[in-house]
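Colleague: Return a 3D structure for these sequence lines:
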Amino acid sequence: MQTTTESFYHTREFAARAGVTVRALHHYDLLGVLKPSRRSRSGYRLYAERDFVRLQQIVTLKFIGFSLSEIKRLLGRKPQDVKQALALQRQAMSRKREHIDHAIRAIERAERSLANEDQPGTDIFLKIIEVINMQNDIKWIEKYYSEEARNELAARRQSISPETIRQAERDWAALIKEVEQAIDSGEDPAGDKAQQLAARWRTLLHGFTGGNAEIQAGLNKVYSDQANWPDSFQKPFSDQVCGFIGQAVSASKK
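Modeller: The predicted model follows:
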């Protein structure tokens, strides 16, 4: 019967082979993100081959943008096989690439507009900030959606034209303004005007969710956790608008 012995590496050997610093490994150990598989009788850290798998996950998740505390929480979940873990990392990195591509395109547009200008306008730089913040908001919001919903949203972003997206943004802005006017004029949420607004709201909402229950569930989670929204995230409409539409929708079901 053939027996195999497991290889172990001291910290410096493990760090050199993995291309990380000894200091980083000590930090990961201290935080509990990557503990050595065992310690020698003298107390030295000893790393096994399987620790390279864990380290790869840490490095990848850090690159994607997760903090070490978030990585510790993610890796503390139920064990996944390597194939599944790599698939999830690939999907997350694909989303990060999309975000970076959006920012690059915004900067390229700014460069083109500056080609014939000596003094760049402030709007150019504000647009870049807007695009980058928007991508950060997308990343923050993604945590509320299931893997199925995220994949569906990513696929739809690829298939929907930029003009369709811009038109939807214009439609939402116009509708929200009309709802605000209805509130100011004292419209009854159960009245005809409010019901027409609620019907348009449902239509636009369906345009976003596509009737996908997982996407709708994620959207509900987003709006039920407003207390934890980041400061950079601008609310698309006021609480008054949300309340009015909610009353109108409830009235339509009676």
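Colleague: check contacts around residue 62.
Modeller: Residue 62 makes contact with 68, 71, according to C-beta atoms under 8 Å, 6 or more residues apart in numbering. In this view, the C-beta of every residue, glycine as well, is placed from N, C-alpha and C.
Colleague: Please report the distance of it from residue 47.
Modeller: Going from residue 62 to residue 47 by C-beta to C-beta, to the nearest Å gives 18 Å.
Colleague: Tell me which residues touch the residue lying closest to residue 237 once chain neighbours are set aside, please.
Modeller: Residue nearest to residue 237 in three dimensions, not counting chain neighbours: residue 176, with 4.8 Å by C-beta to C-beta, 6 or more residues apart in numbering. Counting by C-beta under 8 Å, 6+ apart, residue 176 touches 236, 237, 241.
Colleague: quick one: which of these is nearest residue 19?
Modeller: Of all those, residue 19 sits closest to residue 236, with 43.8 Å by C-beta to C-beta.
Colleague: So the closest one is in contact with residue 175, correct?
Modeller: No. With contact defined as C-beta atoms under 8 Å, residue 236 does not reach residue 175; the gap is 10.7 Å.
Colleague: Would you mind writing the CA trace of the helix or strand where residue 179 lies as CSV?
Modeller: Element membership for residue 179, per DSSP states H and E: helix 162-184. Provided in CSV are the C-alpha atoms of helix 162-184 (Å, rounded to 0.1, in the frame of the first residue of the first chain):
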residue,chain,number,x,y,z
PRO,A,162,-27.5,52.1,-24.4
GLU,A,163,-30.3,54.1,-26.0
THR,A,164,-32.9,51.8,-24.4
ILE,A,165,-31.3,52.4,-21.0
ARG,A,166,-31.2,56.2,-21.5
GLN,A,167,-34.9,56.1,-22.6
ALA,A,168,-35.8,54.2,-19.5
GLU,A,169,-33.9,56.8,-17.3
ARG,A,170,-35.9,59.6,-19.0
ASP,A,171,-39.2,57.7,-18.5
TRP,A,172,-38.4,57.2,-14.8
ALA,A,173,-37.5,60.8,-14.3
ALA,A,174,-40.6,62.0,-16.0
LEU,A,175,-42.8,59.7,-14.0
ILE,A,176,-41.3,60.6,-10.7
LYS,A,177,-41.8,64.3,-11.5
GLU,A,178,-45.5,63.6,-12.3
VAL,A,179,-45.9,61.7,-9.0
GLU,A,180,-44.4,64.6,-7.1
GLN,A,181,-46.9,66.9,-8.8
ALA,A,182,-49.8,64.6,-8.0
ILE,A,183,-48.7,64.7,-4.3
ASP,A,184,-48.4,68.5,-4.3
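Colleague: Could you give me the buried positions within it?
Modeller: Neighbour counts using 16 or more other C-beta atoms under 10 Å place 172, 175, 176, 179, 182, 183 of helix 162-184 among the buried residues.
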